[in-house]
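Student: sharing a model that was predicted from the sequence below.
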2 protein chains.
Amino acid sequence: MDACYAVPLSSMVDLQALRQISTMILSALLTSVGINLGLCFIFFTLYYILSKLPGNIPVYAPRLVAEGKRQEGSQFNLESLLPTTTASWVRKAWETSEEEFLSTAGLDAFVFMRIFVFSLKIFTFGGIVGLLILLPINYMGTQLRDDSDFQNKSLDSFSISNVNNGSNRLWIHFFAAYVFTGVVCILLYCEYKYISSKRIACFYSSKPEPHHFTILVRGIPVPLGSTCTDFVEGFFQEYHPSTYHSHSVVRRSSKLQILYTDAERLYKRLTQLKNKDNAAQRHRRDGCLGLFGHKVDMLDHYEKTLGNIADNVRIEHSTLAGKEVRAAFVSFKSRFGAAIALNIQEGVNPTDWSTEQAPEPHDVYWPFFSVTFIRRWISKLVAYVACNVLTILFLIPVALVQGLTHLDQLETMFPSLRCILRMAVVSQVITGYFPILILLMFLSFVPPIMIMLSSLQGYISWSQIQKSACSKVLRFTIWNIFFGNVFSGSALYRLTIFLEPKEFPRVLAEAVPAQASFFIAYVVTFGWTNIASELFQLIPLLCNYMNIFFVGESDDDDFEAPSIPYHKEIPRILFFGLLGVTYFILAPLILPFLLVYFCLGYIIYRNQLLNVYVAKYQTGGEFWPTVHNYTVFSLVLMHIIVIGIFGLKKLPLGSALTLPLPILTLLFNEYCQKRFFPIFKAYPAECLIKKDREDQNEPNMSEFYDKLAKAYNDPALMPIKYSGRFGSHKPLLQCSDV
Amino acid sequence: MDACYAVPLSSMVDLQALRQISTMILSALLTSVGINLGLCFIFFTLYYILSKLPGNIPVYAPRLVAEGKRQEGSQFNLESLLPTTTASWVRKAWETSEEEFLSTAGLDAFVFMRIFVFSLKIFTFGGIVGLLILLPINYMGTQLRDDSDFQNKSLDSFSISNVNNGSNRLWIHFFAAYVFTGVVCILLYCEYKYISSKRIACFYSSKPEPHHFTILVRGIPVPLGSTCTDFVEGFFQEYHPSTYHSHSVVRRSSKLQILYTDAERLYKRLTQLKNKDNAAQRHRRDGCLGLFGHKVDMLDHYEKTLGNIADNVRIEHSTLAGKEVRAAFVSFKSRFGAAIALNIQEGVNPTDWSTEQAPEPHDVYWPFFSVTFIRRWISKLVAYVACNVLTILFLIPVALVQGLTHLDQLETMFPSLRCILRMAVVSQVITGYFPILILLMFLSFVPPIMIMLSSLQGYISWSQIQKSACSKVLRFTIWNIFFGNVFSGSALYRLTIFLEPKEFPRVLAEAVPAQASFFIAYVVTFGWTNIASELFQLIPLLCNYMNIFFVGESDDDDFEAPSIPYHKEIPRILFFGLLGVTYFILAPLILPFLLVYFCLGYIIYRNQLLNVYVAKYQTGGEFWPTVHNYTVFSLVLMHIIVIGIFGLKKLPLGSALTLPLPILTLLFNEYCQKRFFPIFKAYPAECLIKKDREDQNEPNMSEFYDKLAKAYNDPALMPIKYSGRFGSHKPLLQCSDV
C-alpha cells in the first residue's frame, strides 16, 4: 500500500467519526489541526534525523547518488545535526532559482511545481477575499440559529448556509464569484502563456534528439509478396526523397523480452553465487520450494538453464523475420522533414500510414503494437468503457466490503466472537478504522489499474500512458471522493440526477455545503500528512532497511533513482485545488488550510524533485493542459453550485445573473485551447526550421545521424553485454543480424 | 417566394384539414394521391409543351444556351410535339452514363444525384420488408379495434399502433430494425467509399488549378514599420524557400466594389441611351422620381456622374495601400508545397499565420475578411448562437401570426367585417389557407437568412458558405418541420423534455406515430408537387415572360445560367429520407410514396442538372459527409423512437435489446469519420506528389505560373473593360499599380 495512505491512520479514526456526526464544531476542528500539526512536526523531525544517516542516503537523496554527487555510504557526521544547518534543506529548496530548477529537474517537474505556484496565487487572493469579506458576512447571518458559544459553534456558522434566505448580502457572494473567476482565468491565461514559452525555450536549447527527427508510422499497407522494410523504404524514398533518412520496422518481440528478462535474472544469481563461493548456498534441492527432490549444484543448474534460454533465443530470432508488425519508426534528416511527414495524410486511405510523433527511444512502450487501425480503435474503446465503468461502479464493491464490517452483521455471522466484538477498543477499531482502511486499500489499486488500462489503449510511450492515466485517476478521484462524499455514499442511488440536468444545480447546492466540514477535515488530515509522509518516504525507508538486513550491500551499478509518479501526484493536488475553488464561496474557512497545504507542498516537492526523483522521460510540459482543463472544470462546477445555492437561498435573480459565468468561462477555455494547446501538440515550423539551420553548423551531426539510424531498434533485439560463461556463447543476437 | 412552395397551395387546404382531424382514412389518402398525381401530370404536360417554345429555352435549357449549344430564339417546330419524341427528356436523362454526367455536371451534382440513388436503394429494401412483412402484421393487430370497412379504415390500422401490447409479433419489428440499420450502414459505407474514390479520381484528372497551389493565410503578425506584403514575402522566402511562388495581400475593397457596381450600372444605361438615340428618353427632370426639377440631358448627366465615380475610384485607390488586411493568398510552386504550409503550424502563436486551403479564385467571398483571430472567433460564435436561436424560436412569430388568423379573433378585432368573415368560402380560405401561406412565407426566408449567417461566420468562399448554410437549413427543417409537427405546435411547451433525456424516448414514441398520416400526406402533397414544380420552373418562366414583355430582347452577353441552390435542395431531400427512416418501423405505408418521390426526383434533377443548372464552383463532393451524418442521425432517431415504442407496447426486453443499436450505429459513424472524412478535408500526400510529378512533363506550366501569380487579385482591383467616353480616361486601376 502506498506510503501516503499508510501513515495518517491515526487521524482517520476521527475523520470517520466526523463523517458520522456530519457537522463539526470549531473546537473539534482545532483539535484535529493540532493533532495533524503534531504529526507533521514528528515527520519533519524524523526526516531531519534519518536523512543525516549515511545508510539512508539512497532513500533521501537517490538522485544525487545516481548522479554520483553523493556516495551511498559516506560517513555520518554529528556536526550536521547542529541547529545551524537545521533547515538547510528548506533553504536550499527555496533558494534554487527557477532556471536552475528547470535545468536540473526538467520541464515536467517545472510544470509540476507551477501547479503549486498557481494554486498559491489563486488561493492567496481567494483567502483574502474569503476570510476578510465572505466569512464575516456568513458569520453575521442568523439562518442556522446556532446560539452556542464561540468554541462550540458549528463550522456551518462560517459557511454560506448561515446567510439568511433572500438577504441582500448574498450579492457580495455573487460579486465574489465573478471577481474570483476573473482572477483565476487571468492567472490561468498567464500561466499557460508562461509555460508554453518555457516549452519553446526548452526546445530551442535542446541538443539534437532522435525523437525530434522520427515519426512512428502504423497501419502500413504492405502488399502481398513484399516485406514491410522494403515497402517502407520504397514509400518514403518515393514521396519524401530529400528528407528521408532511415527506418526500423517494429517486430513482435515480447517472447524474446521474456527470455531476456529470465536470462538477466539468472545471470545475476549466477554472478552472486560465483562471488560468494559458498558451497552450502551452492547446493539446493531441485523440487518444490527447494525442499524436496535431488540435491543439485545450483551453479551447474543455472548455467544449464541459461544455455537453454540462449537456444530458445536463437530459435525465436530465426522466426523473427515473419513477426514484423506493420509499424515502423521512420527517421528524417531534419526536424521539419519529420514534421511534414507527420502532419500530412500520406496514403489515400487515412487509416493506412497513420503517423504520430515518436517518443524518446527509452520511452517507447514496446509490448503493445496493435496491428490494424480497427483493432487499435476497438481496444481504445474498450479501455475507455472499462475506465468509466470502474470509475462509476467503484463504490459498489467498497460499499459491500464496508457493509461486512458492521458489528451487528459480524455478530450474527460469528456468534462465538460476540464478547470480543463488544469490547470498546475492538468495536472502535472495526467500525472506525476498517472501512477507511478498506477504502484506502481499494484506492491504492486505482493508479496501477489506470496505468494498465491506458497501456491497453494503444499508447506507444510510457509518458503518454502516464499522461492518460493521470486524467483517468483525476476523473476517478473527482467522481469517487468528491461526488461520492457529497452524495454521502448513495451516489448510485442519486446517479439518475445526471440524466436530469435541470435538477443538477439544486441537488448539488443542497449536498455540497453540507460536506464543508468534512472536506476541511479532509484537507487537514489527508492533505497535510500526505505531504509530510512524502518527505518522510516511509515505504522506501522500510525497503532500504529490509534490503540492508536481508540482502546486504547492493550493487552500485544497479542503483536506480525513482521517478515521480505524476499520474498519482497530480490528481491528488488538483483535487485539493478543486476543493478550494468549489468551497471558496460556500465555506471560505477551507482556504487557510489549503494554503498551508500548498506552501508545505511547494517546499517539500521542490526538495524531492531536486534530491529524490529522476525523470525517466520528458513530455515537454504536456501535463499543463490537463491542469488547465481541470481548473476550468472546477470553476464551472463552482458556478453550477452557486446557481443552485442562489436558488435555494431565494435569490432567483442571482441565479439567473450567474448563468453567463460558466458560459464565459467555457468560452475562455475554448479560446485558450485554440491559443495555446497546439503548441503542446507539436512544434511550429518556425522553431523546427530554426533548429534545423543551427544543426547545419554543428560539427558532430554525422555521428548523430549514425546514432539516429539505430535509436529505435527494439532493445530486445540488441546484443547484450553479459560475459563469463554465458558470454562464451556468441552474443545472443546481433543487431545487424536482424 | 419560392416556386416550389408557391404551387401546391390547392392541396395545402386539405393538408391543413388533415392536421385537424389528425387521423386520416384510407379513402382520403387515395383521394389526395389522385389529386396530386393529377397535378403532377398537369405540370409534366405544361413542361412538355412550354419547353418546346423557343422563347422558353432560357428557362428550360439555360445551361445549353450558356454553353452555346442551343440558341435562344431557335425556331419552334411543330414536329417536336409528336408523340415519338414525347418522353425524350426522360430517356435522355436516364440514358446519360454516370461518367458523362460527372464530366458534364461536376462532382457536386454527381454527389447530389447519389443522394437519390442511395435513398432509392435503402427505401426499395425498406419498402419490400415494410410492405410484405411489417404492414400485414400491423394490419392483423387489434389494438385500435377499428371495425370500419376497408375503405374507411384509419391509416393508423397500418401502423405499429395497431399491434397488440406485449404481442410477440413485435419481435419481428425488432429484427426489422436491426436488419434495416445493418443494410443502411453497409450502403452508407459503400457510398462513402465510392464517392471518396470519385473525389480522388476527379483530382487526378484535373488540370493544374490555382486553388490547389494556394493557401490563404490570416492573422499575419505584421510588425510595426513593415508592410504586410514585405513581411509575407520575407516569411515564406525564409521558411519555405524552395516551394514559395508568389502572394497577393487582401485589401479592404468593399468601397471600391460599390463604386464599380455603380459605374457598371451607369455605363450600361449610357450605352442603352446611346444605342437608342431617342431624344425624348434622353431628357428627364433631375428631381424626385424624375418628375420635378430642371430638365437635363441624361447622357451628359450620366457621363458627369461616371466621371465623379472615376475620380472617387482614384482617391480610393490612393488610400488602398493603407487598407491592407492582415491576410494573403500565398501560392506555391507545387501542390505538395502548399499542403506542407497548410498543415504545419507556422508561427509560435497558433492564432497567427492561421492557414486554410484557398477556394477557387471566382469562389472567393471578398467582403468578409475579419482581421484578427479573436474577431473571427467571436463572429463565428455570434452566428452560431443566432442560428440556433432562430431555429428554436422560429415557431413563436409564426404561431403569433397564425393565431391572428383565427376567425373569432378577427371578428372581435374587426366587427364590421363579420358578415364577410362568416361566408363559407372566405372562412375556409382564411383558416385553411392563410396559416400555411404564412408559414411558407416565413420558411422561404430561412435559406437566405442562413446564407447570411454563414457569411457572417467568416467563411472565405461561397461554396463553404453554402455548405454551412445547408447544415443550418437542415437542422432548421428537422427541428421545425419534424419536431414542430410531432409536438403539434406546442414544441416550446415541450422544449423542457430536451432537459430530461430519460423521458425523451417515451415522449417521442407517443407523439411520432400519431403524426404518421400527416407525414404521409406531406410526402404526397409537398414532395411530389415540389419535384414537379422544380421541372416546371414557374418563377423563372414568369420572369422570362415579364422580361420579354417589359424589357424586350436581352443581351446575349449578359446571359447567365442559374446554379442549383444546394443549401435549399439537399435539406429538403434529406428530410424526406429522415421521414422514411423514422417511419419505416412505425408506418411502412409511407415508403411507396417516398419511392415515387425519389424516382421522380432522380429523373427530374438529372434533367435539370444537365439542362438548367450550371455549377459556379465545385466543393469536390464535400456535401456527402453532411448527407452521411444526417442519415446516421435519422437512424439513431429511429432507434430512440423504437426504444420508446417497445416501452409503450409493454415489451421492455425489446427496449433493452434495442439499446445497443444506436450505440453501434454511432460507433459505425465514428469509424466512417476516421476512415473517409480526412479524404474530404484535404488530398493525401501520395496524390499531391503524383500530380506534381505529372506537371513536370506539362509544357505550359510556366504560363500557368504566370496566371497563378495574378489569380487571387481582388476583382475590384483589376482593370475593367469599358471603352467609349469612360474608356477615354485611363483604366481606373491597373493591377500592376497595386
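Tutor: Everything's here; your move. Residues are numbered from 1 along each chain as shown, chains lettered A, B, ... in the order given.

Student: any idea how far the nearest residue to residue A:120 once chain neighbours are set aside lies from residue A:584?
Tutor: The shortest distance from residue A:120 to any residue other than its chain neighbours is 5.0 Å, reached at residue A:598 (C-beta to C-beta, 6 or more residues apart in numbering or on different chains). For glycine as for every other residue, the C-beta is placed from the backbone atoms N, C-alpha and C. According to C-beta to C-beta, to the nearest Å, residue A:598 and residue A:584 sit 14 Å apart.

Student: of those two, which one has the most company?
Tutor: Taking neighbours as other C-beta atoms under 10 Å in any protein chain shown, residue A:598 and residue A:584 compare with residue A:584 leading, 30 against 25.

Student: which SSE is the residue of the stretch 601-738 of chain A found nearest chain B in?
Tutor: At 3.9 Å from chain B, residue A:678 is the closest residue in the stretch 601-738 of chain A, using C-beta to the nearest C-beta. Secondary structure from DSSP states H and E places residue A:678 in helix A:660-681.

Student: what residues sit buried inside the helix or strand following that helix?
Tutor: Counting by DSSP H and E, the next helix or strand C-terminal to helix A:660-681 is helix A:685-696. Going by neighbour count (16 or more other C-beta atoms under 10 Å in any protein chain shown), the buried part of helix A:685-696 is A:685-692, A:695.

Student: confirm residue A:326 sits in a helix?
Tutor: No. Residue A:326 is assigned strand when assessed by DSSP: H, G, I helix; E, B strand; the rest coil, not a helix.

Student: and the helix holding residue A:678, what does it pack against?
Tutor: helix A:170-205, helix A:624-648, helix B:373-393 (3 or more C-beta pairs under 8 Å, 6 or more residues apart in numbering or on different chains; DSSP states H and E).

Student: where does the prediction get shaky in the stretch 451-600 of chain A?
Tutor: A:488-499, A:551-558 (pLDDT under 70).

Student: get me the contact residues on chain A for chain B.
Tutor: Counting by C-beta under 8 Å from any C-beta of the partner chain, the positions of chain A adjacent to chain B are A:200, A:238-239, A:339-341, A:343-351, A:373-374, A:377, A:381, A:496, A:499-502, A:667, A:671, A:674-679, A:682, A:684-687, A:689.

Student: which of these are buried? Put it as a PyMOL command.
Tutor: Filtering the residues of chain A next to chain B down to the buried ones (16+ other C-beta under 10 Å) takes a single PyMOL command:
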select buried, chain A and resi 200+239+339+340+341+343+344+345+346+347+348+349+350+351+373+377+671+675+676+677+678+679+682+684+685+686+687+689
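
Student: okay, domains of chain A per the record?
Tutor: Per the record, chain A has its domains at A:3-208+A:460-689, A:223-359+A:699-737, by automatic domain parsing.

Student: and the ones you listed, which is most packed in?
Tutor: Of those, the one with the most neighbours on average (mean count of other C-beta atoms under 10 Å in any protein chain shown) is domain A:3-208+A:460-689, at a mean of 18.

Student: so what does residue A:242 look like in phi/psi?
Tutor: Per-residue torsions, residue A:242: phi -80, psi -20 (degrees, to the nearest 10).

Student: oh, I was asking about residue A:217
Tutor: phi -110, psi 130.

Student: which residues touch it?
Tutor: Residues in contact with residue A:217 (C-beta atoms under 8 Å, 6 or more residues apart in numbering or on different chains) are A:232, A:327-330, A:346, A:353-355.

Student: same thing with residue A:418?
Tutor: residue A:411 are the contacts of residue A:418 under C-beta under 8 Å, 6+ apart.

Student: what about it, which helix or strand?
Tutor: With DSSP H and E as the test, residue A:418 turns up in helix A:418-421.

Student: next up, the contacts around residue A:383.
Tutor: A:453-454, A:456-457.

Student: before we move on, what about residue A:47?
Tutor: A:60, A:535-536.

Student: got a markdown table for those, with secondary structure too?
Tutor: Below are the contacts of residue A:47 laid out as a markdown table (three-state DSSP):
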| residue | secondary structure |
| --- | --- |
| A:60 | helix |
| A:535 | helix |
| A:536 | helix |
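
Student: show me the strands in chain A, by range?
Tutor: Along chain A, the stretches classed as strands by DSSP state E are A:214-218, A:244-251, A:283-285, A:295-297, A:324-332, A:354-357.

Student: and the gap between residue A:348 and residue A:221?
Tutor: Distance from residue A:348 to residue A:221, by C-beta to C-beta: 10 Å.

Student: nearest spatial neighbour of residue A:451, chain-adjacent residues omitted?
Tutor: The nearest residue in space to residue A:451 (C-beta to C-beta, 6+ apart) is residue A:469, at 4.6 Å.

Student: for residue B:653, see how far away the one you found is.
Tutor: Relative to residue B:653, and taking C-beta to C-beta, residue A:469 is found at 38 Å.

Student: repeat that for residue A:651.
Tutor: For residue A:651 relative to residue B:653 (C-beta to C-beta), the value is 48 Å.

Student: please apply the same query to residue A:302.
Tutor: 62 Å.

Student: got it, and residue A:244?
Tutor: Taking C-beta to C-beta, one finds residue A:244 at 58 Å from residue B:653.

Student: just residue A:256 next, same as before
Tutor: 50 Å.
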